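Asker: Structure for this input, please:
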Amino acid sequence: MTVMSLSKALNEGMRKAMEDDPKVLIMGEDVGKLGGVFRVTDGLQKDFGEDRVIDTPLAESGIIGTAIGLALRGYRPVCEIQFDGFVFPAADQIITQLAKMPMRSLGAIKLPVVVRIPCGGGIGAVEHHSESPEAYFTHTAGLRVVACSNPADAYSMIQQAIRSDDPVIFFEPKRRYWEKADVDTADTGWWTPMDKGLVVRPGTDVTLLTHGPMVKTCLEAAQAAEEEGRSLEVVDLRSLNPLDQPLVMESVRKTGRAVVVHEAPVNQGLGAELAARITEQCFYHLESPVLRVGGFSTPYPPSKLEEHYLPDLDRVLDAVDRAFAY
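Answerer: Numbers count the residues shown, from 1 in each chain. Got it, this is the predicted structure:
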């Protein structure tokens, strides 16, 4: 076991992938000499050279377009979008090309491209630097969408994403980059497949469904609820598309109540999809409606107001109280 931060775990995971496969490339703005704005790629260009860790122009559409061309030639590009709000100039390439070309070719074309996106708020950043755009990509057929929440998952999931022959949108919770935990870099036997969720805290009364930066918040809420005699089960979805429906439904059938928590606005977000699927499949097991906790339907606010915008322990516990009130 090695104690490392989430950002270091991603770095080590990409390093291992590059050592194992010379076709793995890293591309993005300032990923080389600077090591990325969050230093996630620190040291990789020095060790693997400028041909494999490539500093690109400030043009997200060009990054993804170039990656698609490289993938067609047999490479496995890992693209860093510097901040979540910067991904939208690349939406055309991601949605109309990356997601569709494999199906258009009836599977003859593989596009093993990973698009890494630091996501969410909590770092006091300015506009366009604290978005949660997962719903745009989970709605796009042809993309795998995953989100890590801790160093161990970061290390394993980035390697699984790079090995996948499908395009992968890889969300990284930027406010958790510096949090540390044990990571076993020697044994791959502990890896959970990246398309599977995990019950990170068992419980019997309410299921909290969450991912990425909100996993820690939900674990804190579960700890606080335990002091009031309530047992909250926390499910880290990990894979947002496809969803691990068997795990979700098994948990909700057990607890009879579900609260979905994410940073993105509640309006037409991932929580709405989860609520619909749970209602369809677990209707007769539910003791209350599926409730949602998330951001508000406004553009992301100035940094001094983000603590009011982002879901916190109190808002999660309030939803739990409402679930019990039915």
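
Asker: quick one: the strands in the protein?
Answerer: When assigned using DSSP state E, the strands of the chain occupy the ranges 2-5, 24-28, 53-55, 76-80, 114-119, 144-147, 168-173, 180-183, 198-201, 206-210, 232-236, 239-241, 258-265, 291-295.

Asker: What residue spans form the domains of this structure?
Answerer: Here the domain assignment for the chain is 2-190, 198-325, based on automatic domain parsing.

Asker: now the ones you listed as JSON lines including mean pLDDT?
Answerer: What follows is the domains of the chain, written out as JSON lines (pLDDT from 0 to 100):
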{"stretch": "domain 2-190", "mean pLDDT": "96"}
{"stretch": "domain 198-325", "mean pLDDT": "97"}
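
Asker: Can you lay out the ones you listed as TSV showing mean neighbour count?
Answerer: All C-beta atoms are positioned from the backbone trio N, CA, C, and that covers glycine. Formatted as TSV, those follow (neighbours: other Cβ atoms under 10 Å):
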stretch	mean neighbour count
domain 2-190	19
domain 198-325	19
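
Asker: okay if I get the strands of the chain as a markdown table plus distance to Gly35?
Answerer: Putting these into a markdown table (distance: least, Cβ to Cβ, whole Å) gives the following:
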| stretch | distance to Gly35 |
| --- | --- |
| strand 2-5 | 14 |
| strand 24-28 | 11 |
| strand 53-55 | 9 |
| strand 76-80 | 11 |
| strand 114-119 | 14 |
| strand 144-147 | 23 |
| strand 168-173 | 15 |
| strand 180-183 | 19 |
| strand 198-201 | 30 |
| strand 206-210 | 30 |
| strand 232-236 | 28 |
| strand 239-241 | 28 |
| strand 258-265 | 26 |
| strand 291-295 | 30 |
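
Asker: and of those strands, who's closest to Ser251?
Answerer: Nearest to Ser251 among the strands of the chain is strand 206-210 (4.5 Å), distances taken as Cβ to Cβ.

Asker: Just checking: what are the partner strands of that closest one?
Answerer: If you go by DSSP bridges, strand 206-210 pairs up with strand 232-236 (parallel), strand 258-265 (parallel).

Asker: Of the ones you listed, which is nearest Ala99?
Answerer: Once the strands paired with strand 206-210 are compared by Cβ to Cβ, strand 258-265 is nearest, at 19.7 Å.

Asker: Just the CA atoms of that closest one, as CSV, please.
Answerer: Extracted in CSV, the C-alpha atoms of strand 258-265 (Å, rounded to 0.1, in the frame of the first residue of the first chain):
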residue,chain,number,x,y,z
ALA,A,258,-33.5,7.1,-2.1
VAL,A,259,-31.9,10.5,-2.3
VAL,A,260,-29.7,11.4,-5.3
VAL,A,261,-26.9,13.9,-4.7
HIS,A,262,-24.9,15.7,-7.3
GLU,A,263,-23.3,19.2,-7.8
ALA,A,264,-24.9,19.8,-11.1
PRO,A,265,-28.2,21.6,-11.2
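
Asker: right, and Ala221 touches Ala319 too?
Answerer: No. With contact defined as Cβ atoms under 8 Å, Ala221 does not reach Ala319; the gap is 9.1 Å.
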